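1. Fold the following.
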Amino acid sequence: MALKRNKLTLTSEDKTVAQLKRIRGQVDGLIRMYQSERPCVEIAQQITAARNSLSRVARDVLTNAADHCVKEKDQKQLNLILKELLK
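-> Numbers count the residues shown, from 1 in each chain. Coordinates of the predicted model:
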């Protein structure tokens, strides 16, 4: 069963979109770094930063969905979200 995307509050949704756009900028920067043959250590540091940012967004989205499930008393969906959070 797939996780349903619950409607985020406008503030949370705006924050999430802004975070994803920043991550897209990080990835675009990584492409430029790779194409310009920057040192691999610098590239690896930026990959780690982008991966950490993406993990934070995933956690925030799943936490918001879990909050929604608690409010809606949707135990089945909440269990799926908790499994994702604990991966």
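
2. Share the number of residues neighbouring residue 50, please.
-> By the measure other CB atoms under 10 Å, the count of residues near residue 50 is 18. Glycine gets a C-beta too; all of them are placed from N, C-alpha and C.

3. got the contact list for it?
-> Contact partners of residue 50, counting by CB atoms under 8 Å, 6 or more residues apart in numbering, are 23, 26, 27, 30.

4. Under a three-state scheme, what state does the closest residue in space to it that isn't next to it in sequence occupy?
-> Excluding the flanking residues, the one nearest residue 50 by CB to CB, 6 or more residues apart in numbering is residue 26, at 4.2 Å. Look at residue 26: counting by DSSP: H, G, I helix; E, B strand; the rest coil, its state is helix.

5. Relative to residue 71, how far out is residue 26?
-> Computed with CB to CB, to the nearest Å, the distance linking residue 26 and residue 71 is 33 Å.

6. cool, and residue 23?
-> Taken as CB to CB, the span from residue 23 to residue 71 is 28 Å.

7. related to what we said a few turns ago, quick one: which of the contacts of residue 50 is nearest to residue 58?
-> residue 23 (10.8 Å; CB to CB).
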